[in-house]
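missing the sequence, but the structure's below:
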């Protein structure tokens, strides 16, 4: 009878503790609960030992004390209590109340797992997957994840999905991965919701479905998961599965960024940088780029370097730009490698060093960066930092040109036209120049116009020549301005129009084109498109003679012919006009000033 009374007393003590803990039949009182659990625990009741251990772990009704928690968990665990075994394993895994010991953690997890406890099975699976306390063994990890997953453990279901996605411990199987992600996601597991969203976004194991991806990302994002918030922001940014909405993108990027997600910090910085979804604010862009950059995110390091390079949101500082470019470049960021190469090529805050420039251009070019490929081609073409090599130049120009780099297309066209590094081929030259010209490259437009004018690589077509010259001339290409003037004067490809010829000669002459200056002189001498003015013609001829690279008998004769027709005062005026027109950028100002003055009665 004494034994029976003692057993009954222990159970009553435990139950009374439970009543106080849950506030059933008595006022809820954690201290009273702890008191009764202790009485039962000290008599060896495993449930009471577990509950008392938990109260010490969380500081409920007693002062928080991990060592006391471990003591009571151990007593219950040694009696086979699965919950205590799990919690004791956790204390060893985290080093709470005991020195961290993964082997001990794995042993306790195993004891509980073998009793069928799903949480212990999941934790043991993690130990095998991560090689913590046991030899790394993906198959064993899958075994334990599977046992827990089949009991409905959401974390195990998600991790089993990951193992199928990656083909770890099982044959790679996206459909099986989706099955397990879905089971966990439907239980509200945020990681599984993200993973299932990703599978829909990429069309792995399910038909690609951006709307479904958004659905699952949103569910995880609303639980505060930073990665899901970033992914949802990205969907809004790109208009995938939702209407494109920069403001919504900013909202989700911000939520993720404030939790320290580096990709979100970088993208939020970009939104401020470009004024997308928020008012443009370079200082805010710098703030967010810096937060991500200081975490080592290469894209943010590049972006921060660019703002220092351009002096946006910070004082312009080439040295800072170089440092951020270098950090990103050393991580393999192609844009940073390109820009660091430019800094070395131009000697911006680093010693000018073509070899170092080539090194960085090559690293970016080998990653497929078109601008770096062009720059590397240019270095080979000019022999800067590498031995001059037209064939290597062609190789890199072609790679960039095939990606649409306009300068590479132009240069490749010129290499074909001149037979440098390749067999001379006018048709290939015309092809590449045409591609560059259609993208607005003025040099290519001029060269293509020239090919149409003379019928080189294309059928001769003066109208086409005029159109390409015009496009280049309107961008300020001096050779195109001169040639367009010639076409108007000769009436080739356009109606003959001396006034139009004068217009284009003037623009080219202002830029220092000596041929245009001479032709403009002829127009003033011969009353073509302008009123005759021999002083203006004389001054323009003199400029040509002074600046031409070689002797020109026609120009000398023209100069002398006009000089004979001028009075002493007109010659004096002509000499004064020459001096004014010779000043940089002052040709048309001086010419028009003289013409206005001479026209006044």
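That came through, no problem. Owing to the predicted nature of the structure, the values given are computational and were not obtained by experimental measurement.

show me where the stretch 151-300 of the chain has helices.
154-166, 174-185, 190-202, 210-221, 226-238, 246-257, 262-274, 282-293, 298-310 (DSSP state H, counting those that start in this stretch).

for residue 59, find the nearest of those helices.
helix 154-166 (25.4 Å; Cβ to Cβ). In short, each C-beta sits where N, CA and C put it, glycine included.

for residue 110, find the nearest of the helices of the stretch 151-300 of the chain.
Among those, the nearest to residue 110 by Cβ to Cβ is helix 154-166 (15.4 Å).

where does the stretch 1-150 of the chain dip in pLDDT?
Along the stretch 1-150 of the chain, segments meeting pLDDT under 70 span 1-8.

what packs against the one helix or strand residue 518 maps to?
Following DSSP states H and E, one finds residue 518 within helix 514-525. Helices and strands touching helix 514-525, by 3 or more Cβ pairs under 8 Å, 6 or more residues apart in numbering; DSSP states H and E, are helix 478-490, helix 498-510, helix 534-547, helix 553-564.

tell me which element residue 473 falls in.
Counting by DSSP H and E, residue 473 is part of helix 462-474.

from the chain's centroid, how far away is that helix?
37 Å (Cα atoms, centre = their mean, to the nearest Å).

what do you get for stretch 571-585?
Centroid separation between stretch 571-585 and its chain, computed with Cα atoms, centre = their mean, is 54 Å.

flag every buried residue along it.
Buried residues in stretch 571-585, defined by neighbour count with 16 or more other Cβ atoms under 10 Å: 573, 574, 577, 578, 581.

tell me the pLDDT of the second one.
Confidence per residue is given as pLDDT, and for residue 574 that number is 93.

contact partners for it?
Contact analysis of residue 574 by Cβ atoms under 8 Å, 6 or more residues apart in numbering lists 535, 538, 539, 542, 566.

quick one: it from residue 282, how far?
54 Å (Cβ to Cβ, to the nearest Å).

so what's residue 29 up against?
So residue 29 contacts 20, 23, 61 (Cβ under 8 Å, 6+ apart).

among these, name the buried ones.
Of the contacts of residue 29, these count as buried by 16+ other Cβ under 10 Å: 20, 61.

could the helices of the stretch 151-300 of the chain go into TSV alongside mean pLDDT and mean neighbour count?
Below are the helices of the stretch 151-300 of the chain laid out as TSV (pLDDT from 0 to 100; neighbours: other Cβ atoms under 10 Å):
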stretch	mean pLDDT	mean neighbour count
helix 154-166	98	24
helix 174-185	98	22
helix 190-202	98	24
helix 210-221	98	21
helix 226-238	98	24
helix 246-257	98	21
helix 262-274	98	24
helix 282-293	98	21
helix 298-310	98	24
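
okay if I get the ones you listed as TSV plus distance to residue 588?
Listed next are the helices of the stretch 151-300 of the chain as TSV, based on distance: least, Cβ to Cβ, whole Å:
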stretch	distance to residue 588
helix 154-166	70
helix 174-185	70
helix 190-202	60
helix 210-221	58
helix 226-238	49
helix 246-257	46
helix 262-274	39
helix 282-293	39
helix 298-310	34
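
tell me which of those sits nearest to residue 322.
Per Cβ to Cβ, nearest to residue 322 of those: helix 298-310, 7.5 Å.

show me what that closest one is packed against.
For helix 298-310, the packing partners by 3+ Cβ pairs under 8 Å, 6+ apart come out as helix 262-274, helix 282-293, helix 318-330, helix 334-346.

the last one to helix 318-330, inter-axis angle?
Angle, helix 334-346 to helix 318-330, by axes from the mean of the first three to the mean of the last three Cα atoms, to 10 degrees: 130 degrees.

pull the residues that contact helix 334-346.
So helix 334-346 is contacted by 298, 301-302, 305-306, 309, 318, 321-322, 324-329, 348-350, 352-354, 356-361, 363-364, 367-369, 371-372, 375, 384-385 (Cβ under 8 Å, 6+ apart).

could you list the buried residues of it?
In helix 334-346, counting by 16+ other Cβ under 10 Å, buried: 334, 335, 336, 337, 338, 339, 340, 341, 342, 343, 344, 345.
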